[in-house]
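A.B. asks: sequence plus predicted model, see below.
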Amino acid sequence: MIDNTEIIEQTGALKHLTPEDLDMLKKSGRKLGSALCYVLRHNPDRIGVSMDKQAWVNVAELISKFNAHNTNQRFYLSLPVLMELVRTDSKQRYGLKGSNSNLMIRCRQGHSIPWLEMDYREMTPPDLLYHGTSSTFLASIMSKGLLPMSRQKVHLSKDVPTAISVAKRHLSKDACPMILEVDTAQMVKDGITFYLADNDVWLVDYIAQKYLTLMTFQ
Ligand code: HQG
């Protein structure tokens, strides 16, 4: 996991967090995070913020454009609020670089913007990784393999509990979570490249059915 602590401290912003900011984050932090991830992963044009090919956006520009286009009265961005959101994010979804007027932010994975050329680190994965999904998708996955769907990469978890929480995001009525074990050792032997996002999510372009085993739990 790449740590944001030093950059957050350098901004000095957390000293300026107000009780109102903390209250807003407590009540609406999740919604604010979703709105922010939507912009940073899928649609920077929605608020007209510039993004480079590695998905970085300037923090000052993001804050002013996000607030200018925000129609939800319950949340807002400021530097202290954004730094607190980054610091406390449960999956450490956000990355930071630079300082002062050159402070930049991005989401570390999950993008769907087609023109991005992310600089993910190529890494050798552990021998097994996991993918959590819904029973609804299983037949299709077992016939076509795991596809990135709307995102740029297939996302994999390093352990079963994480995969279960990913699966639970997709559950419609009558569906249940399904965990697929991925034979990454064999994929590596077959020359397939894996990437590690800065928040320890594993990424790969595609996984053929032959590498997938449905896990059963007694
Ligand atoms: C499924 C979250 C039918 C796939 C998570 C998944 C992750 C197929 C869904 C990150 C298929 C796509 C990504 C096929 C794949 N036929 N369905 N051939 N191949 N699928 O949300 O992996 O919390 O785009 O199984 O933690 O669920 O947002 O991918 O169920 O890291 O930060 O198509 O997003 O991160 O769903 O999640 P998604 P995902 P955040």
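C.D. replies: Noted; the coordinates are in hand. Predicted, not measured: the structure shown is a model, and the values here were computed from it.

A.B. asks: contacts for the top helix by length along the chain?
C.D. replies: Longest helix in the chain, counting residues (DSSP state H): helix 19-37. For helix 19-37, the external contacting residues (C-beta atoms under 8 Å, 6 or more residues apart in numbering) are 66, 70, 72, 74-78, 80-81, 84-85, 88-89, 93, 107, 110. (C-beta placed from N, C-alpha, C; glycine too.)

A.B. asks: ok, and of those residues, which contact the ligand?
C.D. replies: By C-beta under 6 Å from any ligand atom, the members of the contacts of helix 19-37 lying near the ligand are 93, 110.

A.B. asks: ok, the nearest residue to residue 146 once chain neighbours are set aside - contacts?
C.D. replies: Nearest non-adjacent residue to residue 146, counting by C-beta to C-beta, 6 or more residues apart in numbering: residue 207, 4.0 Å away. Residues counted as contacts of residue 207 (C-beta under 8 Å, 6+ apart) are 131, 145, 146, 154, 182, 187.

A.B. asks: confidence score at residue 108?
C.D. replies: At residue 108, the pLDDT value in this model is 98.

A.B. asks: which regions of this structure lie under the pLDDT threshold?
C.D. replies: 218 (pLDDT under 70).

A.B. asks: which ones among the contacts of helix 19-37 are found in strands?
C.D. replies: Using DSSP state E, the members of the contacts of helix 19-37 that fall in strands are residue 107.

A.B. asks: just the buried ones out of the contacts of helix 19-37, please.
C.D. replies: For the contacts of helix 19-37, a neighbour count by 16 or more other C-beta atoms under 10 Å gives the buried set as 66, 75-78, 80-81, 84-85, 89, 93, 107, 110.

A.B. asks: reformat these as JSON lines; add distance to residue 57.
C.D. replies: Shown next, in JSON lines, are the buried ones among the contacts of helix 19-37 (distance: C-beta to C-beta, whole Å):
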{"residue": "66", "distance to residue 57": "10"}
{"residue": "75", "distance to residue 57": "18"}
{"residue": "76", "distance to residue 57": "17"}
{"residue": "77", "distance to residue 57": "12"}
{"residue": "78", "distance to residue 57": "16"}
{"residue": "80", "distance to residue 57": "18"}
{"residue": "81", "distance to residue 57": "16"}
{"residue": "84", "distance to residue 57": "18"}
{"residue": "85", "distance to residue 57": "14"}
{"residue": "89", "distance to residue 57": "16"}
{"residue": "93", "distance to residue 57": "14"}
{"residue": "107", "distance to residue 57": "10"}
{"residue": "110", "distance to residue 57": "15"}
